[in-house]
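Trainee: Curious how this folds, go ahead:
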Amino acid sequence: MSDLVARGLVMVPAVLLGGVFMSTGLFWSQEGSTGSRGLAIGLGLLLLTAGLLVGLRNPRPDS
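Mentor: Okay, the predicted model is just below:
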């Protein structure tokens, strides 16, 4: 049970922050901020991927 809780504690903030970074990068409309926009999208994708991988990871069976 503790492994499930630990995965949830990692997955939820990573997915939420990834979504925030992605939406910020996609809807950023300030001129001259193409580097920051790309960075926000990249961080969002990285966090979303990491969070979803943690959530989809299969627990090891107890020996």
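
Trainee: Starting from the longest helix along the chain, tell me the next helix or strand along the chain.
Mentor: Identified as the longest helix of the chain according to DSSP state H is helix 2-26. Proceeding N to C from helix 2-26, the next assigned helix or strand is helix 34-56, under DSSP states H and E.

Trainee: which residues are contacting that next one?
Mentor: Residues from elsewhere that reach helix 34-56, judged by C-beta atoms under 8 Å, 6 or more residues apart in numbering: 7-8, 10-15, 17-26, 28. From N, CA and C alone the C-beta is placed, and that goes for glycine too.

Trainee: In it, which of the residues would be classed as buried?
Mentor: Arg37, Ala40, Ile41, Leu43, Gly44, Leu47, Leu48, Gly51, Val54 (16 or more other C-beta atoms under 10 Å).

Trainee: so how far is it off the chain centroid?
Mentor: 5 Å (C-alpha atoms, centre = their mean, to the nearest Å).

Trainee: Now do that helix, average pLDDT.
Mentor: Here helix 34-56 scores 89 as its mean pLDDT.

Trainee: relative to helix 2-26, how tilted is that helix?
Mentor: Comparing the axes of helix 34-56 and helix 2-26 via axes from the mean of the first three to the mean of the last three C-alpha atoms, to 10 degrees yields an angle of 160 degrees.

Trainee: Using CSV, write down the CA coordinates of helix 34-56.
Mentor: Taking C-alpha atoms only, helix 34-56 is exported to CSV below (Å, rounded to 0.1, in the frame of the first residue of the first chain):
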residue,chain,number,x,y,z
THR,A,34,10.0,32.3,-28.1
GLY,A,35,12.8,30.8,-26.0
SER,A,36,10.7,31.0,-22.8
ARG,A,37,7.7,29.5,-24.6
GLY,A,38,9.7,26.6,-25.9
LEU,A,39,11.2,26.0,-22.5
ALA,A,40,7.8,26.0,-20.9
ILE,A,41,6.4,23.5,-23.4
GLY,A,42,9.5,21.3,-23.0
LEU,A,43,9.2,21.3,-19.2
GLY,A,44,5.5,20.6,-19.5
LEU,A,45,6.1,17.6,-21.7
LEU,A,46,8.9,16.3,-19.5
LEU,A,47,6.8,16.5,-16.3
LEU,A,48,3.7,15.0,-18.0
THR,A,49,5.7,12.1,-19.3
ALA,A,50,7.5,11.5,-16.0
GLY,A,51,4.2,11.6,-14.1
LEU,A,52,2.4,9.3,-16.4
LEU,A,53,5.3,6.8,-16.5
VAL,A,54,5.3,6.7,-12.7
GLY,A,55,1.5,6.2,-12.7
LEU,A,56,1.7,3.4,-15.3
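
Trainee: Sounds good, over and out.
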